[in-house]
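[1] Give me a model of this one.
(one chain, ligands or ions: 2)
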Amino acid sequence: MGDMTAKLLVVGGGPGGYTAAIRAGQLGCDTVLVERSRLGGTCLNIGCIPSKALIHVADTFGHAMEHARASPFGLEVGRPTLDFARAVEWKDGIVSRLNAGVAALLKKNRIRTVHGPATMLDGKTCRVETDIGPQTIRAEHVLLATGSEPVELPFLPFGGRVISSTEALSLPQVPARLVVVGAGYIGLELGMAFGTLGAEVTVVEAADRVLPRYDTELTRPVVRRMEALGITVLTDAEARGLAADGEALLVRAADGAERTILSDAILVAVGRRPCTQSFGLERLDLAMNGPFIHIDERCATSMRNVWAVGDVTGEPMLAHRAMAQGEMVAEIIAGERRVFDKVAIPDICFTTPEIVTVGISPAEAHQAGWEIRLGHFPFSANGRAMTKNAEDGFVRVVARADNNLVLGLQAVGHGVSELAAAFGLALEMGARLEDIAGTIYAHPTQGEAIQEAARKALGHALHM
Ligand code: FAD
Ligand code: NAD
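    Ligands and ions are numbered 1, 2, ... in the order given. Below is the predicted model of the structure:
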């Protein structure tokens with residue numbers, strides 16, 4: 001095979017890499033994208049999309065179960081059963097459709113895609129082991145978008161019943177007993193989904209509470225739901241490894257005592273680490289930021305014309321951050337003047353109920369030295385939430401006391417992930433409390449709670 005040349009070489013076809021490639025193609029930049037596995041990366045194949053599909057299955061099953069037990073509005077249904085294999089097949093079908101969609105978008109924008117693992121030879125060249133032999137690609141610019149992978153605990157290596165999120169998303173059946181190590185995003189999103197589907201779930205968390213990234217006011221409705229599902233939570237607890245029988249999990253509990261937890265599957269979800277190993281990155285002599293590739297506000301690395309985006313560059317490891325960075329890098333390479341100057345990156349935890357945060361929390365505002373106004377509006381006073389039988393939760397707004405500039409918006413409740421768009425826009429447009437209070441929010445919607453929270457911060461909520 002002859003060597004390939006391009007203006008831009010993108011290594012990694014996840015949200016960061018494929019978005020950069022599409023945008024580069026739109027801007028007429030000759031681009032080659034290398035992907036060792038399936039297009040769409042972690043997000044589309046083994047992350048955001050399949051997990052949300054599984055959560056939807058669980059929520060639907062959970063609703064059916066609730067109505068079978070006692071329907072508040074007289075719906076009569078029998079106890080539901082789930083063909084789990086079919087649910088997994090449905091989830092895989094969505095993933096395949098999106099895979100094909102990404103491939104079509106790349107093709108439409110004249111991106112050449114090379115399949116196989118890339119090894120960097122220097123800051124402009126890589127070699128890819130393709131099915132039909134090695135391919136060398138040389139480019140003026142290189143974008144590293146190799147993503148991340150699950151952290152493995154040395155005393156609890158993946159294999160057999162010890163699984164990562166990847167295996168958890170393709171189990172042959174709902175495990176009867178599931179132990180989840182780590183009560184972060186993955187542990188709780190998937191742990192609660194399997195709990196809803198009937199697994200007996202135990203969560204082992206090293207911190208003193210679940211979802212330690214969020215304040216307890218936000219996590220309280222999630223904790224209530226976990227209790228209702230009968231999920232056992234051990235906080236201040238450490239997983240120690242498998243018991244001698246190779247089946248049960250040994251845990252040091254908060255009181256120091258060692259406990260043995262029987263399980264059919266042990267999902268280890270204690271974070272993700274960047275993919276920086278085993279593909280010749282050391283040849284590039286890049287400055288690092290801990291385990292991550294160091295980047296500046298343009299996603300430039302310490303080497304000229306070598307760029308990096310997404311999980312490989314650090315927290316927050318979110319698909320929409322990777323995409324926004326990728327789009328920007330393509331525009332910079334095409335000659336535009338851009339910096340990554342977003343006011344806020346929305347953050348959603350797709351537990352049941354969901355948590356959404358944009359900007360800063362009250363505690364973070366205090367830490368930053370702001371004097372603040374707070375508005376808090378419960379869904380129990382929101383008509384739409386009542387009609388959806390989903391009254392647990394609230395919307396909260398944090399604003400500067402001196403000029404009412406909104407610093408943060410948070411919510412917990414059923415379906416609040418969709419409020420992220422309004423929250424993000426408010427922050428990005430520099431909204432003040434009066435802007436939110438003065439916008440007409442359609443009735444009846446859960447969005448009205450945003451307006452009421454802003455009114456409340458201004459001292460005149462109408463429906464409370
Ligand atoms: P990735 O998506 O990891 O893509 C990197 C790509 O590079 C991969 O396809 C990999 O195969 C390829 N690659 C790596 N090395 C090489 C090489 N040497 N040669 C060729 N190719 C290579 N984020 C959200 O925003 N919302 C969510 O709801 C959400 N849910 C998640 C649920 C789970 C279970 C998990 C695991 C993650 C979730 N995330 C979510 C995080 C999200 O998936 C990542 O932030 C996102 O995928 C990062 O995009 P990326 O392009 O940086 O990397
Ligand atoms: P996480 O950082 O969200 O949670 C890890 C949890 O494990 C933490 O609560 C931590 O205290 C705990 N922990 C760490 N070591 C432990 C140990 N030895 N024993 C017990 N508990 C331990 O990480 P995650 O859930 O693995 O998710 C990884 C990343 O994937 C996230 O940071 C996020 O960026 C991304 N993600 C995002 C979403 C979303 O946006 N909805 C969903 C899933 C994953």
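[2] where does the nearest residue to Y214 once chain neighbours are set aside land on pLDDT?
    Closest residue in space to Y214, ignoring its immediate chain neighbours: I355 at 5.9 Å, by CB to CB, 6 or more residues apart in numbering. Using the backbone N, CA and C atoms, a C-beta is placed for each residue, glycine as well. At I355, the pLDDT value in this model is 98.
[3] for I355, which residues make a bridge with it?
    Beta-bridge pairing for I355 (DSSP bridges): C349, V412.
[4] Against ligand 1, how distant is the residue nearest to Q173 when sequence neighbours are not counted?
    Distances taken as CB to CB, 6+ apart put F84 closest to Q173, at 5.3 Å, once the chain neighbours are dropped. Distance of F84 to ligand 1, computed by CB to the nearest ligand atom, to the nearest Å: 18 Å.
[5] show me what contacts F84?
    171-174, 197 (CB atoms under 8 Å, 6 or more residues apart in numbering).
[6] From those, pick the one nearest E448.
    When those are ranked by distance to E448 (CB to CB), L197 comes first, at 32.8 Å.
[7] check contacts around that closest one.
    For L197, the contacting residues are 57-58, 61, 82, 84, 174, by CB under 8 Å, 6+ apart.
[8] can you count the residues close to the residue nearest to Y214?
    Using other CB atoms under 10 Å, I355 has 25 other residues around it.
[9] Correct me if wrong: it contacts E217.
    No - using CB atoms under 8 Å, I355 is not in contact with E217; the gap is 10.5 Å.
[10] how close does the closest residue to R432 other than its chain neighbours sit to A437?
    Nearest non-adjacent residue to R432, counting by CB to CB, 6+ apart: N404, 4.4 Å away. As judged by CB to CB, to the nearest Å, N404 and A437 stand 9 Å apart.
[11] The two: which has the busier surroundings?
    Neighbours per residue (other CB under 10 Å) separate N404 from A437, with A437 holding more: 24 against 19.
[12] ok now do the closest residue to that one other than its chain neighbours, which residues does it touch?
    Nearest-residue entry for A437: A454, 4.4 Å, with adjacent residues in sequence omitted and distances by CB to CB, 6+ apart. By CB under 8 Å, 6+ apart, the residues touching A454 are 375, 397, 399, 406, 433-434, 436-437.
[13] Which strand or helix spans A454?
    Element membership of A454 [criterion: DSSP states H and E] is helix 448-458.
[14] Just the buried residues of stretch 176-189, please?
    Neighbour counts using 16 or more other CB atoms under 10 Å place 178-189 of stretch 176-189 among the buried residues.
[15] Need the pLDDT of T260.
    pLDDT, T260: 96.
[16] And V233, by the same measure?
    On pLDDT, V233 comes in at 98.
[17] That one in helix, strand or coil?
    When classified by DSSP: H, G, I helix; E, B strand; the rest coil, V233 comes out as strand.
[18] Show me the helices in this structure, by range?
    For the chain, the helices defined by DSSP state H occupy 15-26, 41-46, 48-70, 84-108, 165-168, 185-196, 216-229, 319-333, 362-367, 383-387, 420-428, 433-437, 448-458.
[19] deepest of those helices, which one?
    helix 15-26 (a mean of 27; mean count of other CB atoms under 10 Å).
[20] Dump it to CSV, restricted to CA.
    Output in CSV follows, covering the C-alpha atoms of helix 15-26 (Å, rounded to 0.1, in the frame of the first residue of the first chain):
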residue,chain,number,x,y,z
PRO,A,15,-17.3,11.9,19.4
GLY,A,16,-14.2,14.1,19.6
GLY,A,17,-12.4,12.6,16.5
TYR,A,18,-15.4,12.1,14.2
THR,A,19,-16.8,15.5,14.9
ALA,A,20,-13.5,17.1,14.2
ALA,A,21,-13.2,15.1,10.9
ILE,A,22,-16.7,16.0,9.8
ARG,A,23,-16.2,19.8,10.5
ALA,A,24,-12.8,19.6,8.8
GLY,A,25,-14.4,18.0,5.7
GLN,A,26,-17.1,20.7,5.7
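[21] Would you mind getting the angle between it and helix 48-70?
    With axes from the mean of the first three to the mean of the last three CA atoms, to 10 degrees applied, the angle from helix 15-26 to helix 48-70 works out at 120 degrees.
[22] Which other helices and strands does helix 15-26 contact?
    Packing partners of helix 15-26 (3 or more CB pairs under 8 Å, 6 or more residues apart in numbering; DSSP states H and E): strand 4-11, strand 31-35, helix 41-46, helix 84-108, helix 319-333.
[23] Make a markdown table from the ones you listed and add distance to V114 and mean pLDDT to it.
    Formatted as a markdown table, these follow (distance: least, CB to CB, whole Å; pLDDT from 0 to 100):
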| stretch | distance to V114 | mean pLDDT |
| --- | --- | --- |
| strand 4-11 | 7 | 98 |
| strand 31-35 | 5 | 98 |
| helix 41-46 | 15 | 98 |
| helix 84-108 | 11 | 98 |
| helix 319-333 | 18 | 98 |
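[24] Turn these into JSON lines, columns for distance to ligand 2.
    Compiled in JSON lines, these are given as follows (distance: least, CB to the nearest ligand atom, whole Å):
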{"stretch": "strand 4-11", "distance to ligand 2": "20"}
{"stretch": "strand 31-35", "distance to ligand 2": "20"}
{"stretch": "helix 41-46", "distance to ligand 2": "8"}
{"stretch": "helix 84-108", "distance to ligand 2": "15"}
{"stretch": "helix 319-333", "distance to ligand 2": "7"}
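[25] Now distance to A287 too, for those, in a markdown table please.
    Conversion of the helices and strands packed on helix 15-26 to a markdown table gives the following (distance: least, CB to CB, whole Å):
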| stretch | distance to A287 |
| --- | --- |
| strand 4-11 | 18 |
| strand 31-35 | 23 |
| helix 41-46 | 24 |
| helix 84-108 | 30 |
| helix 319-333 | 17 |
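[26] Please work out which residue of this protein is closest to ligand 2.
    Nearest residue of the chain to ligand 2: G184, at 1.7 Å (CB to the nearest ligand atom).
[27] Would you check that that residue makes contact with A269?
    Yes - using CB under 8 Å, G184 makes contact with A269 at a distance of 6.3 Å.
[28] Show me where the stretch 151-300 of the chain has its strands.
    Assigned by DSSP state E, counting those that start in this stretch, the stretch 151-300 of the chain shows strands spanning 162-163, 177-181, 200-204, 232-234, 238-242, 249-252, 258-261, 265-268, 272-274, 288-289, 292-293.
[29] Dig out what the closest residue to L153 other than its chain neighbours forms beta bridges with.
    For L153, ignoring the flanking residues on the chain, the nearest one in space by CB to CB, 6+ apart is V268 at 5.9 Å. Beta-bridge partners for V268, by DSSP bridges, are V181.
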